[in-house]
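# just need the structure, nothing else, for what follows:
(one chain, ligands or ions: 2)
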Amino acid sequence: ARKRLLKLKKTPAVTRDGTPITLLANIELPDDCPAALEAGAVGVGLFRSEFLFMGRGAHPVKVPSEDEQFEQYRKAVLAMKGRPVTIRTLDIGADKPLDPGEHTALNPALGLRAIRYCLAEPQMFLTQLRAILRASAFGKVRILIPMLAHAFEIDQSLSMIKQAKAQLREENVKFDEAIEVGAMVEIPAAALALPMFVKRLNFLSIGTNDLIQYTLAIDRVDYEVAHLYNPLHPAVLQLIAMTISAGKKAGLDVAVCGEMAGDVKFTRLLLGMGLTEFSMHPAQLLAVKQEILSSDLALIAPRTRKVLRSMEPAEIVEAVEQLQAM
Ligand code: PEP
Ligand code: MG
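Ligands and ions are numbered 1, 2, ... in the order given. Next comes the predicted model:
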């Protein structure tokens, strides 16, 4: 079966009735790029930049310098040979502590993490933005900001990017002036107030891992409540579907980059919601492609609408299984 999948590497991802689908890779470090290419990814949809900052041992942690970061971002951009690379700014805190030796909040998932942390450490954030911008001179780079919920957080982030650009311009350092900036939609408030995002940003990427955690109030790393973590909860499905349709209606690219995007159980459900961009671990990519190649949107879409109208878990599970069997 693996051999059959490998044959699909160069096959374009298109549904049976002709809709092209973009399959991207999630990476943690530039060294993951060869595996992404090997799986036929047409770009990187999520570069989890925090992995450059983590596991460096020292306490207090010594964060990577601008040059060090720039080298790593450029390495990924060059390795992808002209394909777009979406670099997510530092998503530190909660399940990914920068310094495990430091005091942790009682509720770290609700605390000073990701963009909240970056806006509280503007110098560190600016350093990262400068490094990303510098890498954008070597290929197509996009900036993705995690954990946004408030308009002012988007505005502050954009103004920091503007500041980083102004500095580089002043220093005669090359970068892509038209670099696109997008948001992770991973807090329910973001999905529910999407016009706030659409107005300010160029693209969206749905982080289902956190979206499920925050919608259902289930700590994603607490095994005692792991059985309650359910991607098919109707509230979760509503938020995902709303984000895809409202984002696309406004003309923005919308991707899913959480685990759901790489799980073949959900491929047709997401296709039926109108999703055309999936970003996942490279190891999952060919199986998802195979599912797409055998999918007929004209058949799937009406069935998916039925799933979305249901508020009965058993009915939803059954309808999703039927989608898979179609
Ligand atoms: C997510 O939340 O779905 C996501 C892709 O980000 P992470 O898993 O890194 O929090
Ligand atoms: Mg997340």
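
# CA atoms for contacts and neighbours, from now on please.
Fine.

# quick one, longest helix in the protein?
Determined from DSSP state H, the single longest helix within the chain is helix 151-170.

# next helix or strand past that one?
Counting by DSSP states H and E, the next helix or strand C-terminal to helix 151-170 is strand 180-185.

# what is that following strand packed up against?
strand 141-145, strand 203-206 (3 or more CA pairs under 8 Å, 6 or more residues apart in numbering; DSSP states H and E).

# quick one: closest of those strands to ligand 1.
Relative to ligand 1, the nearest member of the helices and strands packed on strand 180-185 by CA to the nearest ligand atom is strand 203-206, separated by 6.7 Å.

# the closest one close to ligand 1?
No - applying CA under 6 Å from any ligand atom, one finds strand 203-206 separated from ligand 1 by no less than 6.7 Å.

# so which bits of the very next helix or strand once past that strand are buried?
Going down the chain from strand 203-206, the next helix or strand is helix 208-216, by DSSP H and E. Of all the residues in helix 208-216, those buried under the rule 16 or more other CA atoms under 10 Å are Thr208, Asn209, Asp210, Leu211, Ile212, Gln213, Tyr214, Thr215, Leu216.

# before we move on, what about stretch 259-271?
Glu259, Met260, Ala261, Gly262, Val264, Lys265, Phe266, Thr267, Arg268, Leu269, Leu270, Leu271.

# what do you get for stretch 5-17?
Of all the residues in stretch 5-17, those buried under the rule 16+ other CA under 10 Å are Leu8, Lys9, Ala13, Val14, Thr15.

# could you give the separation between the terminal residues of that stretch?
Terminal residues of stretch 5-17 lie 21 Å apart, using CA to CA, to the nearest Å.

# find the residue closest to Leu5 in space, skipping its chain neighbours.
Leu286 (5.9 Å; CA to CA, 6 or more residues apart in numbering).

# now do Val141
That would be Val85: by CA to CA, 6+ apart, it lies 4.9 Å from Val141.

# the one you found is in contact with Lys75, isn't it?
No - counting by CA atoms under 8 Å, Val85 stays clear of Lys75, with 10.8 Å between them.

# mind checking the backbone torsions on the residue of the stretch 51-200 of the chain found nearest ligand 1?
Per CA to the nearest ligand atom, Glu186 is where the stretch 51-200 of the chain lies closest to ligand 1, at 5.9 Å. Here is the backbone geometry of Glu186 (degrees, to the nearest 10): phi -140, psi 0.

# hang on, it packs against Leu211?
Yes - Glu186 lies in contact with Leu211 (CA under 8 Å); the separation is 4.2 Å.

# need the contact list for the one residue sitting closest to the centre of the chain.
The centroid of the chain falls nearest to Cys257 when counting by CA atoms, centre = their mean (3.7 Å). Residues near Cys257 by CA atoms under 8 Å, 6 or more residues apart in numbering: Asn26, Gly45, Leu46, Ser205, Ile206, Gly207, Thr208, Phe278, Ser279, Met280.
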